[in-house]
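S.K.: predicted model follows, preceded by the sequence.
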Amino acid sequence: MKILKLSALSLLLILGFGCKEAKKEASEAAEEMDEAVEMVKEEVMEETIAFKMEPKSDSKVAGEVSFTEKDGKVMMKASFSGLTPGEHAIHIHEKADCSAADGTSTGGHWNPTSEPHGKWGMSEGYHRGDIGNFTADADGNATVEFTTDLWCLSCEDTTKNITGKAVIVHQGVDDFVSQPSGAAGARISCTGIIK
């Protein structure tokens, strides 16, 4: 009888220990699976929006702009034609409304942090829409690439979310000093809606 009780007790201890090990292994496997799912989500989380530019202020400037969000950063790629050779300013403006012939319906530069106008990353302050200048070649063609973690396409942070805004190309150069817009001249091309 004692031997039977000891055997039963031994069996319970072995089963109890085995169950704990099985639970621990199952828990570790579940954690590994969750980590793998998160890694896949991060790799897959890529969103791209693209649109054409509309000529404004009697210009012939055409182009395409795309924004791609991946790994917490947004990359803007743009290509333009019909520009005068030389430098031009490009900014994100506060309203996605290109209805005015001169592009003024887009409002001012997008500036959700209420900073003074300046050069991105080089000034004490700058608008989140202050992309800067780019150069058109002798044939009036240009490309622009810009990447930042201070923009997003679908987040709830209004200081980063660029949806509902517009891209404007200016006839002149942004001097990075004149307030509030850098004295960049006429608005010669405008996006549709960043959405």
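M.R.: Perfect, thanks for sending it.
S.K.: check contacts around residue 91.
M.R.: Listed by C-beta atoms under 8 Å, 6 or more residues apart in numbering, the contact partners of residue 91 are 109-110, 127, 129-131, 167-168, 170, 174, 181-182, 184. Glycine gets a C-beta too; all of them are placed from N, C-alpha and C.
S.K.: end to end, how far does stretch 163-172 reach?
M.R.: Stretch 163-172 has an end-to-end distance of 26 Å (C-alpha to C-alpha, to the nearest Å).
S.K.: let me fix that: stretch 119-135
M.R.: Distance between the two ends of stretch 119-135: 16 Å, counting by C-alpha to C-alpha.
S.K.: which secondary structure element contains the closest residue to residue 132 other than its chain neighbours?
M.R.: Closest residue in space to residue 132, ignoring its immediate chain neighbours: residue 120 at 5.8 Å, by C-beta to C-beta, 6 or more residues apart in numbering. If you go by DSSP states H and E, residue 120 is not part of any helix or strand.
S.K.: give me the neighbour count for residue 120.
M.R.: When neighbours are counted by other C-beta atoms under 10 Å, residue 120 registers 16.
S.K.: and it, what pLDDT?
M.R.: Looking at residue 120, its pLDDT stands at 81.
S.K.: quick revisit: ok, of the contacts of residue 91, which come out buried?
M.R.: Buried subset of the contacts of residue 91 (neighbour count, 16 or more other C-beta atoms under 10 Å): 109-110, 127, 129-131, 167-168, 170, 174, 181-182, 184.
S.K.: now intersect those with the strands, please.
M.R.: Secondary structure from DSSP state E places 130-131, 167-168, 170 of those in strands.
S.K.: pretty sure residue 69 is one of the things residue 46 touches, is it not?
M.R.: Yes: using C-beta atoms under 8 Å, residue 46 is in contact with residue 69, at 6.8 Å.
S.K.: looking at the two, which is more packed in?
M.R.: residue 69 (19 against 10).
S.K.: residues contacting that one?
M.R.: Here residue 69 is in contact with 45-48, 151-154 (C-beta under 8 Å, 6+ apart).
S.K.: any idea which element it lies in?
M.R.: Per DSSP H and E: residue 69 is located in strand 62-70.
S.K.: given that strand, what are its sheet partners and their directions?
M.R.: strand 46-55 (antiparallel), strand 73-81 (antiparallel) (DSSP bridges).
S.K.: now distance to residue 96 too, for those, in JSON lines please.
M.R.: JSON lines is the format used below for those (distance: least, C-beta to C-beta, whole Å):
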{"stretch": "strand 46-55", "distance to residue 96": "10"}
{"stretch": "strand 73-81", "distance to residue 96": "15"}
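S.K.: just put the ones in strands among the buried ones among the contacts of residue 91 in a markdown table and tack on distance to residue 104.
M.R.: Converted to a markdown table, these look like this (distance: C-beta to C-beta, whole Å):
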| residue | distance to residue 104 |
| --- | --- |
| 130 | 18 |
| 131 | 19 |
| 167 | 15 |
| 168 | 10 |
| 170 | 12 |
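S.K.: mind checking how far stretch 91-103 is from the chain centre?
M.R.: Chain-centre distance of stretch 91-103: 19 Å, with C-alpha atoms, centre = their mean, to the nearest Å.
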